[in-house]
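Undergrad: here is my input, please return the structure:
(one chain, ligands or ions: 1)
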Amino acid sequence: MHVAMIGTGYVGLVSGTCFSEFGVDVVCVDKDRAKIEKLEQGVMPIYEPGLDDLVAKNVREGRLSFTADLSRAVKKADAVFIAVGTPTRRGDGHADLSYVYTAAKEIAAAMDGYTVVVTKSTVPVGTGDEVERIIREARPDAQFDVVSNPEFLREGSAISDFTHPDRVVIGTHSPRAQEVMRALYRPLHLIETPILFTSRTTSELIKYAANTFLATKISFINEVADLCEKVGADVQDVAKGIGLDGRIGKKFLHAGPGYGGSCFPKDTLALAHTARDIGVPLRIVETVIDINTKRKKAMAERVIAACGGSVAGKTIAVLGVAFKPNTDDMRDSPSLDILPQLQANGATVRAYDPEAMREAKALLPDVVWCDGTYETMEGADALVIITEWNQFRGLDFERVKALLRAPVLVDLRNIYNPDEMVRAGFDYHCIGRPL
Ligand code: UGA
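TA: This is a model prediction of the structure:
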């Protein structure tokens, strides 16, 4: 089997590498020659645990290669995956599909023999139809099928999500395309992964519905956390108490500063816009987006309140700025709302993140970037935890108190136990739990 993976962003690079790990011959294609050269030297464009080793292994074993030559990769391929970006279009909130359609045209020009063209990028309902139309128009006689095969990878654990997924969704009714897709995912049959064959349109919608549902769970528990604070209940126990009901499930019920990342904010917005355009507004989704936007903005207020109502002239130490741990991704991170707001209120912000500082420096100007966890706290009036990296979970309390000017700790991820923190002498603030 030969695969061409168009786009060496997060999804393309992880998926291409994992397919090669499955024994498939994979060529990853990108227009960005500098990126291709770096990948050939083993330099990853993103931080994802385990990816560099897996790439090196499969390159060494001859199953994985990188090129800027789309045409050569596509000619040889049984399946061509479109894994290019679909960012939010400026102005109207829809997904920008121009990269997908350009890729479709280039694939059409290069295809040789029966080819399965797979949309791996998150694309709105109907995109597969348009990709098919574009290819058919360019190559009326070509033999091909267009299949939707959405990804459900989480940044930070993408490799195990790919190799041990809860399910694989394949949107096509073509038996020939189904056979190719089944062969590509053959190793997953051995671990009895459910493979759901459905229509292309349904598959496209499954991806958006999945991410939107997860975002809804988060916004729901975040609102419950606000309520818990008012009535003196504990949101973590509420999450446990409801999550043990198998119909609800315990995952994605961690209250926090609001969801970020490259997927939930973009996908909820795109689905809400599509639905509204079609005349079937998804009111729950619209509310989820609104709750999350306001929540991220409200987090700085919590820090200000914890500092006695003002941060003017004060120094705030921040641990973690990535949208979640184990990634260097800053897209839509709550820190992008929190830090500028603290600065606008007169605070000096010192911050540290194990992986995201390179990205963050350009996005968050005038922050004092520090080299390590404890250095960040030196002389600060309060410590704020925004991202729950493991290394922030076992802080030396005495050392923290010695470094801070006042023992104020705002834990926006609930990684510490309130009783223990109070006993340790902290003025501790968290989300939805009584002190
Ligand atoms: C998400 C989905 O989980 C993947 O299944 C999907 O494939 C991916 O989007 C995508 O569409 O590509 P990801 O954005 O990497 O993955 O990260 P998540 O682990 O889902 O976290 C998203 C955000 O929700 C983060 O800001 C995280 O801190 C927040 N979150 C998550 C919470 O606030 N509470 C939770 O209980 C869980």
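
Undergrad: how about the contacts made by the residue of the chain positioned farthest from its centre?
TA: Distance from the C-alpha centroid of the chain, by C-alpha atoms, centre = their mean, peaks at D141 (38.9 Å). Remark: with contacts taken as C-beta atoms under 8 Å, 6 or more residues apart in numbering, D141 is in contact with nothing. Where you see a C-beta, it was placed from the backbone N, CA and C, and this is true even at glycine.

Undergrad: how much space separates it from the ligand?
TA: Look at D141 and the ligand: by C-beta to the nearest ligand atom, to the nearest Å, they are 35 Å apart.

Undergrad: quickly note the distance from that residue to A209.
TA: Going from D141 to A209 by C-beta to C-beta, to the nearest Å gives 36 Å.

Undergrad: now swap in I36 and tell me
TA: As it turns out, when the distance is counted by C-beta to C-beta, I36 lies 35 Å from A209.

Undergrad: higher neighbour count, the two?
TA: Remark: of I36 and A209, I36 carries more neighbours, 19 against 15, as counted by other C-beta atoms under 10 Å.

Undergrad: pretty sure the more buried one sits in a helix.
TA: Yes - judged by DSSP: H, G, I helix; E, B strand; the rest coil, I36 forms part of a helix.

Undergrad: quick one: it and V43 touch, right?
TA: No - assessed by C-beta atoms under 8 Å, I36 is found out of contact with V43, at 10.8 Å.

Undergrad: tell me where the stretch 101-250 of the chain has helices.
TA: Using DSSP state H, counting those that start in this stretch, the helices of the stretch 101-250 of the chain run over residues 127-138, 158-163, 175-184, 186-190, 200-231, 235-243.

Undergrad: what residues does the stretch 201-350 of the chain have near the ligand?
TA: Within the stretch 201-350 of the chain, the positions lying close to the ligand (C-beta under 6 Å from any ligand atom) are 211, 214, 218, 252-254, 256, 259-261, 263-264, 323-324.

Undergrad: how deep is whichever residue of the stretch 101-250 of the chain sits closest to the ligand tucked in, by neighbour count?
TA: The minimum distance from the stretch 101-250 of the chain to the ligand, using C-beta to the nearest ligand atom, falls at E155 (3.5 Å). The criterion is other C-beta under 10 Å. On that basis, E155 has 24 neighbouring residues.

Undergrad: any idea how far G256 is from it?
TA: Note on E155: its distance to G256, by C-beta to C-beta, is 16 Å.

Undergrad: now D69
TA: Taking C-beta to C-beta as the criterion, D69 is separated from G256 by 44 Å.

Undergrad: and the closest residue to G113 other than its chain neighbours, what does it touch?
TA: Nearest non-adjacent residue to G113, counting by C-beta to C-beta, 6 or more residues apart in numbering: Q143, 6.9 Å away. Taking C-beta under 8 Å, 6+ apart as the definition of contact, the neighbours of Q143 are G113, Y114, T115.

Undergrad: so T348 touches V311, yeah?
TA: No - between T348 and V311 there is no contact, the gap being 9.0 Å when judged by C-beta under 8 Å.

Undergrad: the more surrounded of these two?
TA: Set T348 next to V311 and count neighbours by other C-beta under 10 Å: V311 wins out with 25 against 18.

Undergrad: surely that one is in contact with A305?
TA: No - with contact defined as C-beta under 8 Å, V311 does not reach A305; the gap is 9.9 Å.

Undergrad: contacting residues for G9?
TA: Taking C-beta under 8 Å, 6+ apart as the definition of contact, the neighbours of G9 are P45, I46, A83, V84, G85.

Undergrad: the last one contacts K120, correct?
TA: When you say that, I think you mean G85. No - taking C-beta under 8 Å as the contact criterion, G85 and K120 are not neighbours in contact, 11.5 Å apart.

Undergrad: tell me which of the two has more neighbours.
TA: In this comparison of G85 against K120, neighbours counted by other C-beta under 10 Å, the higher total goes to K120 at 21 against 18.

Undergrad: residues touching the closest residue to F197 other than its chain neighbours, list them.
TA: The shortest distance from F197 to any residue that is not its chain neighbour, by C-beta to C-beta, 6+ apart, is 5.3 Å, and that residue is I170. I170 makes contact with V147, S148, N149, Q178, M181, I195, L196, F197, T198, S203, according to C-beta under 8 Å, 6+ apart.

Undergrad: now do I195
TA: When contacts are taken as C-beta under 8 Å, 6+ apart, I195 is in contact with R167, V168, I170, R182, Y185, L188, H189.

Undergrad: what about the last one, how many residues close to it?
TA: Which is H189. Around H189 there are 10 other residues, counting by other C-beta under 10 Å.

Undergrad: could you list the domains of the chain?
TA: Domain assignment for the chain, taken from automatic domain parsing, gives 2-198, 208-287, 296-429.

Undergrad: what about the closest residue to T287 other than its chain neighbours, neighbour count?
TA: Leaving out its chain neighbours, the residue that sits closest to T287 by C-beta to C-beta, 6+ apart is S219, at 7.7 Å. Each residue near S219 was counted by other C-beta under 10 Å, and the total is 22.

Undergrad: same question, V349
TA: Counted with other C-beta under 10 Å, residues neighbouring V349 total 25.

Undergrad: roughly how far apart are it and A317?
TA: Here V349 is placed at a distance of 8 Å from A317 (C-beta to C-beta).
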